[in-house]
Structure formats: C-alpha cells, structure tokens
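In: Fold the following.
(one chain, ligands or ions: 1)
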Amino acid sequence: MKAVQFTDHGGRDVIEYGEFPDPEPDRDEVLVDVKAGALNHLDVWTRRGLPGIDLDMPHVPGSDGAGEVVAVGEDVTRFEPGDRVALSAGVSCGECEYCRHGEHSMCVDFHLIGEHVRGVHSELAAVPVDNLLEVPEGVDWETAAAAPLVFQTAWRMLVSRGDVTPGEDVLVLGASGGVGHAAVQIADHAGATVYATGSSEEKLEHARELGADHVIDYESEDFADRVRELTGKRGVDVVVDHVGAATWQDSLKSLAKGGRLLTCGATTGPNPETDINRIFWNQLQVVGSTMASHGEADDALELVWDGTFEPAIREVLPMSETARAHELLEEREGFGKVVVKPDSEL
Ligand SMILES: [Zn+2]
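Out: Next comes the predicted model:
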C-alpha cells in the first residue's frame, strides 16, 4: 500500500508518500480501507518531534481518518466488512482506575494513534476496535474524517469539564481553528452567548455563521478590553483557550468572578506568566481537558452525523501533498480542517 511517512523529524520536506508494508489486523483490530484523513496541529508537532516520544521509524502520521471495513480480527464482533467507520484516536488500557470509571482520556497509559503509534494516513490501516466509531450512510468521508478529534475534544472540554449552561457567556479564542470552530458550535448549542476571536474579517464572518453572537478581531483590538466592554465590565463565565502563552494573561483578564478558563492546548507555547493574585481574588478555576471518553466521543459525533454540528473543510488534498497540508496549518491560512485522501481515491 501507499502511506504518508517520515523517517526523520524535521521540516516539511521530511514527509514522503510511498510504499509501506500492508498492515495485518490483530485479534482485536479492524482493517480499514481509508477513504479520507484529516490533519491536526498535533501532526505538525509529531513531525517536528516531541520530547519523550520515541517513534518507530518510518512513522505513518494521522490521528483522524475514515473509511470502509475490509476485514476484522477474530475477537471483533462490533463490525463486519463493508461497515463505514471513523477513527477516534485516543487509546486507553481499559483496566486502570480511570478507565474503570469511564475516564478513558485520563488513562495512565493514554496515548494517541498518529502521535505515539502508527497513524492512519495510508491506503489501509489496522485499528483497535475500541477506536472506531460507526458512520451512518449519507455522511460524506470528508466530514467523517474531519470531525472526530476536534469535536470530541471540544465536547468534553465545554460540556463535561466546563459544565457550560444556558445563558452563560463563553469566549472562544481562535474560533477559525479546528477545536475553536467546534467549540463555537457546541457553546451555541448549549445555549451560551458566544464571543469569538479571529484575525480577519473573513474568519470572523465565518465564526458568526457558526453561531458566535459577538466577534472580536484580536489583530486590531485588545480582546480582554473588548470583552469587558461587551459584558458591561463583568467579563465572561468561560474562556476556551487552546492558544497558550500568547493569550493566557488576557484570557484570565477576560473572566468574570468565579469564571473558568478551559485549556486543551498551547500552540504558542506552554509557559506563560500567570497572575496568581487574579486567580485567587476573582476565585477563578483553571480546567484542563484532553480528548474524550468513548461515550463523550459518541455523544459529540452523533450531533455531527445528524447535521447539528458541521466541521468546516478548508481544503481537500491528495496524501502525496501532505507537506502542503502542513504548510496550511503552520501558516494559519484559511479556516477549518485540512483533509487528505489517498491519491488512488481521487
Ligand atoms: Zn487505563
């Protein structure tokens, strides 16, 4: 088969698309004929190399993908050849205290397909059955591939960890990115008043279409000041920050007393200065969240499959142009998800 792969970490030029041995499914795995994959910022970090993660080389990336079941291992009863499936990338042990409480993304051995082990941006992929979601007829492959990682992440962060309730004010930073655009839709669906930041009129218009009630251009105005203005000096109940160092202080400044800062990523760096006085005096909560449990992923994706939520697709490229897909992410061009398809599917 053909697969996206790299043998060394580095710049975009390490990415190749070429022959790779066909995967053989284990007893508890499903062999999937991949129809589409999608990229996340994670793919960029993985390509550059993450401290503490030692990959089997060559590494096949890809934490989002969808396709048709070709064969199943002998222990698999949930799927059969011909079924339509999408990948949910989080792998948990099923046995530790967190798994036994259904908190799969807190598993002591939690890791991601594509980041820590071989991913699915290839013509065929062998995937543990627990990591597959059923995709109904009528959902196109691009949507099925683009939605799982960001919608389950945003769902757990806002609904389970953030406990967003109707009428609350929720500020979503970077509303045109993958997690951001899912968070806007989920906060709107939860009945919150949604404030969204973006860097261009086009991106802000897109955020409005997704359900944002107020939009803020962070290039031309200080978003914390603007939030104070829009909320009559009160601040918002919840900030969704996956940006990290560049926005952390202003995220804290944007919160009302008792507010919650939800974080699921730090694309601009993990070590900002933080104002502890503000945290205790205003009685703020900093809440971390990562990926989701199997049940949360089912709940979030159910609402994608029925059309309530929609992943925005920025561009569809052949897998042989994965380097260009990385460029789109690294240069922050456009909004929504970048989808890649095996060249043989185009
Ligand atoms: Zn576990």
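
In: Give me the phi and psi for residue 313.
Out: Backbone torsions for residue 313, taken as degrees, to the nearest 10, come to phi -100, psi 120.

In: Find the nearest non-adjacent residue to the most centrally placed residue in the chain, please.
Out: With distances taken as C-alpha atoms, centre = their mean, residue 150 lies nearest the centre of the chain, 2.6 Å away. Closest residue in space to residue 150, ignoring its immediate chain neighbours: residue 178 at 4.1 Å, by C-beta to C-beta, 6 or more residues apart in numbering. Backbone N, C-alpha and C define where each C-beta goes, glycine included.

In: Residue 54 belongs to a strand, doesn't it?
Out: No. Applying DSSP: H, G, I helix; E, B strand; the rest coil, one finds residue 54 to be coil, outside a strand.

In: Count the residues that sit near the residue nearest to residue 150.
Out: For residue 178, the neighbour count with other C-beta atoms under 10 Å is 31.

In: Please export the C-alpha coordinates of stretch 37-47 as CSV.
Out: Output in CSV follows, covering the C-alpha atoms of stretch 37-47 (Å, rounded to 0.1, in the frame of the first residue of the first chain):
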residue,chain,number,x,y,z
GLY,A,37,-7.9,11.6,6.7
ALA,A,38,-7.7,15.0,8.3
LEU,A,39,-4.9,16.9,9.9
ASN,A,40,-4.5,18.5,13.3
HIS,A,41,-1.8,20.7,14.8
LEU,A,42,-0.7,17.5,16.5
ASP,A,43,0.6,16.3,13.1
VAL,A,44,2.9,19.3,12.9
TRP,A,45,4.3,18.7,16.5
THR,A,46,4.7,15.0,15.7
ARG,A,47,6.6,15.7,12.5
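
In: ok, and for it, which residues are buried?
Out: Within stretch 37-47, the residues that count as buried by 16 or more other C-beta atoms under 10 Å are 37, 38, 39, 40, 41, 42, 43, 44, 46, 47.

In: Filter these down to the ones in helices?
Out: By the criterion of DSSP state H, membership of the buried residues of stretch 37-47 in helices covers 41, 42, 43, 44, 46, 47.

In: what's the closest of these to residue 96?
Out: Closest to residue 96 out of those is residue 42 (23.0 Å), distances taken as C-beta to C-beta.

In: So for that closest one, what's the pLDDT?
Out: At residue 42, the predicted lDDT confidence score is 94.

In: can you pull the contacts of it?
Out: By C-beta atoms under 8 Å, 6 or more residues apart in numbering, the residues touching residue 42 are 63, 112, 114, 115, 149.

In: Then residue 16?
Out: 4, 5, 6, 7.

In: neighbours around the second one, how many?
Out: In other words, residue 5. For residue 5, using other C-beta under 10 Å, the count is 22.

In: do the same with the last one
Out: Taking other C-beta under 10 Å as the criterion, the count of residues near residue 7 is 11.

In: hang on, the earlier thing: neighbour-wise, which one of the contacts of residue 42 leads?
Out: With neighbours defined as other C-beta under 10 Å, the most crowded of the contacts of residue 42 is residue 149; it has 30 neighbours.

In: one step back: what's the closest of the ones in helices among the buried residues of stretch 37-47 to the ion?
Out: Looking at these and their distance to the ion, the nearest is residue 42, at 20.5 Å (C-beta to the ion).

In: Residue 301 versus the closest one, what's the distance?
Out: Residue 42 sits 18 Å away from residue 301, going by C-beta to C-beta, to the nearest Å.

In: What of residue 96?
Out: 25 Å.

In: Between those two, tell me which one has more neighbours.
Out: The neighbour comparison of residue 96 against residue 301 (other C-beta under 10 Å) goes to residue 301, with 24 against 16.
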